[in-house]
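**Student:** Output the structure for:
(one chain, ligands or ions: 2)
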Amino acid sequence: MNAQTRRGFLVGAGGAAAGLVAAGTSANADPQYWIDLPMANGRRPLERFPQKGLMIVQATRPPILETPFVVFDRDELTPNEYHYVRWHLAGIPTTVDVNAFRLKVGGLVNKPLTLTVDQLRRDFSPVELVAVSQCAGNSRGLFNPRVAGGEWANGGMSNARWRGVALKEILARAGLGAGAKQVAFSGLDRGVLPATPQFRKALDADFATGGNAMIAYEMNGRPLPLLNGFPLRLVVPGWYGTYWVKMLDTIDVLDHVEDNFWMATAYRIPDTPGNTVTPDQTGYKTIPISKFRVRSFMTNVDGGRVLGAENAADPRYPLRFRAEIRGIAFDAGSGIKKVEFSEDGGKTWRETTLGRDLGPYSFRKWHTVWDARVGNGSYTLACKATANSGDTQTDVPVWNPAGYLKNDIEKYKVNV
Ligand SMILES: Nc1nc2c(c(=O)[nH]1)N[C@H]1C(S)=C(S)[C@@H](COP(=O)(O)O)O[C@H]1N2
Ligand SMILES: [Mo]
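**Tutor:** Ligands and ions are numbered 1, 2, ... in the order given. This is a model prediction of the structure:
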């Protein structure tokens, strides 16, 4: 165990790869890989599920799999095998027959639709967009005081190039009836007990017919992995993952505001300044969670070290240490304006260089050269993103009982 670990690292690795574990079955009884996430009780096994790489297992039934943070140090696009996984209900189909599958659009529409995946590909013009998906509770395990829920470190997010059909095009073809208020979305997953409410999320009709939400049939040029929603999922760029309904087979236009558990009780944030409250605060109003907050991370600093820079001390200048510091940033879709870097815990900042622009909803890479004096001991590195919207990160952490919206400035202690 290493108390300094920011996001965890491999603490043990056996010789062979971990065995394939079927979705929905219990985990490998004897995993060979473990990781320590930077929280109390943060030791987790790494295991393989169908179509997935070695992922951090938070739960197996239903599967909740966190992306190992080191993956974000590579391409801006998270490989499908490493795209995080989050399900709420244990009854997830282990296969989907794409020929028998139908997407039904009904409720308050002029013309109900029943569509095959082939028809979606053929009869509608494709749209494509790179967008981050992030669980509302990403980083929940780093809340202080701790809160109940899925105890993610920072890997409850991923970035992909999504291809599919614009939601507004499908809704236009069905034609919304007068008085349509919301559009509800649900998929093939079910609870184990029939009484468990189905996972169902709703968007306002204006937003659904006007925005850039998409019904995706591909991520990164390939069909979606089953655990990420094969064959179709909703993509709501800039909005938290809870709306990105997987295995989407039912779209239901409503003349009222959806009031099921997943909208009326879960996934709500305090309607207070900064959506923050104190742990003993009561009696405040709540609203459904929606858009991301701006965030940034370092992707090659972990466990008190700059990864891959162990030999960065230049023999010609023995008192200096030069290393590239790399990271990612994203916001709800205004795009990243700048990312700043600090070696003194945020007292002084300087601007970093941004990487290629894959669109405003994507991870944006950034990098800078850090030139430190050896022998000064400990540095506190920090990064801070500012979006084109003007939103930026601060040192004040958000707190709410569900553990949503975390985006305060990340700090990483490093010894050189
Ligand atoms: N059908 C269905 N869709 C769902 C969920 C679910 O439980 N069932 N969970 C949602 C939540 S809370 C998140 S964070 C994202 C996670 O998507 P991923 O597993 O592809 O990363 O899926 C969303 N879509
Ligand atoms: Mo989520």
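**Student:** where does the chain have low pLDDT?
**Tutor:** 1-30, 310-314 (pLDDT under 70).
**Student:** ok, now which ones touch whichever residue of the stretch 201-350 of the chain sits closest to ligand 1?
**Tutor:** Ligand 1 sits closest to G241 of the stretch 201-350 of the chain, with a gap of 2.8 Å, by Cβ to the nearest ligand atom. In this view, the C-beta of every residue, glycine as well, is placed from N, C-alpha and C. By Cβ atoms under 8 Å, 6 or more residues apart in numbering, the contact list for G241 reads 86, 133-136, 156.
**Student:** let's see 7 Å
**Tutor:** Listed by Cβ atoms under 7 Å, 6 or more residues apart in numbering, the contact partners of G241 are 86, 133-136.
**Student:** Mind putting those residues into TSV with neighbour count?
**Tutor:** Shown next, in TSV, are the contacts of G241 (neighbours: other Cβ atoms under 10 Å):
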residue	neighbour count
R86	25
S133	28
Q134	25
C135	24
A136	26
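**Student:** would CSV of the residues you listed with distance to ligand 1 and secondary structure be doable?
**Tutor:** Below are the contacts of G241 laid out as CSV (distance: Cβ to the nearest ligand atom, whole Å; DSSP: H, G, I helix; E, B strand; the rest coil):
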residue, distance to ligand 1, secondary structure
R86, 4, strand
S133, 5, strand
Q134, 7, strand
C135, 4, coil
A136, 7, coil
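**Student:** Check those residues one by one and keep those near ligand 2.
**Tutor:** Subset of the contacts of G241 in contact with ligand 2: 86, 135, counting by Cβ under 5 Å from the ion.
**Student:** Out of the contacts of G241, the closest to P79 would be?
**Tutor:** S133 (13.9 Å; Cβ to Cβ).
**Student:** Can you name the residues bridging to the closest one?
**Tutor:** Counting by DSSP bridges, S133 forms beta bridges with S158.
**Student:** Ligand 2 contacts on the stretch 201-350 of the chain?
**Tutor:** Contact residues (Cβ under 5 Å from the ion) of the stretch 201-350 of the chain with ligand 2: 241-242.
**Student:** Quick check: residues of the stretch 201-350 of the chain near ligand 1?
**Tutor:** By the rule Cβ under 6 Å from any ligand atom, the part of the stretch 201-350 of the chain lying against ligand 1 is 228-229, 241-242, 244-247.
**Student:** Relative to N376, which of those residues is nearest.
**Tutor:** For those, the nearest to N376 is G241 (40.8 Å; Cβ to Cβ).
**Student:** my guess is P38 contacts A153, does it?
**Tutor:** Yes: P38 is within contact range of A153, at 6.3 Å (criterion: Cβ atoms under 7 Å).
**Student:** circling back to that earlier point, in helices only, show me the residues of the stretch 201-350 of the chain next to ligand 1.
**Tutor:** Applying DSSP state H to these, no entry is found in helices.
**Student:** List buried members of the residues you listed by neighbour count.
**Tutor:** Buried members of those, scored by 16 or more other Cβ atoms under 10 Å, are 228-229, 241-242, 244-247.
**Student:** Which stretches in the stretch 201-350 of the chain count as strands?
**Tutor:** Ranges of strands in the stretch 201-350 of the chain, per DSSP state E, counting those that start in this stretch, are 214-219, 222-223, 233-235, 248-254, 268-270, 286-288, 295-298, 301-302, 305-306, 320-330, 336-342, 350-351.
**Student:** deepest of the ones you listed, which one?
**Tutor:** Counting by mean count of other Cβ atoms under 10 Å, strand 295-298 has the highest mean neighbour count of the strands of the stretch 201-350 of the chain, with a mean of 26.
**Student:** what's near enough to touch F101?
**Tutor:** Contacts for F101 (Cβ under 7 Å, 6+ apart) come out as 117, 231, 249.
**Student:** Go again with 10 Å.
**Tutor:** 115-118, 188, 230-232, 247, 249 (Cβ atoms under 10 Å, 6 or more residues apart in numbering).
**Student:** how deep is P237 tucked in, by neighbour count?
**Tutor:** A count of nearby residues for P237, using other Cβ atoms under 10 Å, gives 23.
**Student:** From ligand 2, how far off is it?
**Tutor:** Separation of P237 from ligand 2 (Cβ to the ion, to the nearest Å) stands at 16 Å.
**Student:** again with T392
**Tutor:** 24 Å.
**Student:** try L37
**Tutor:** For L37, the distance to ligand 2 equals 17 Å [Cβ to the ion].
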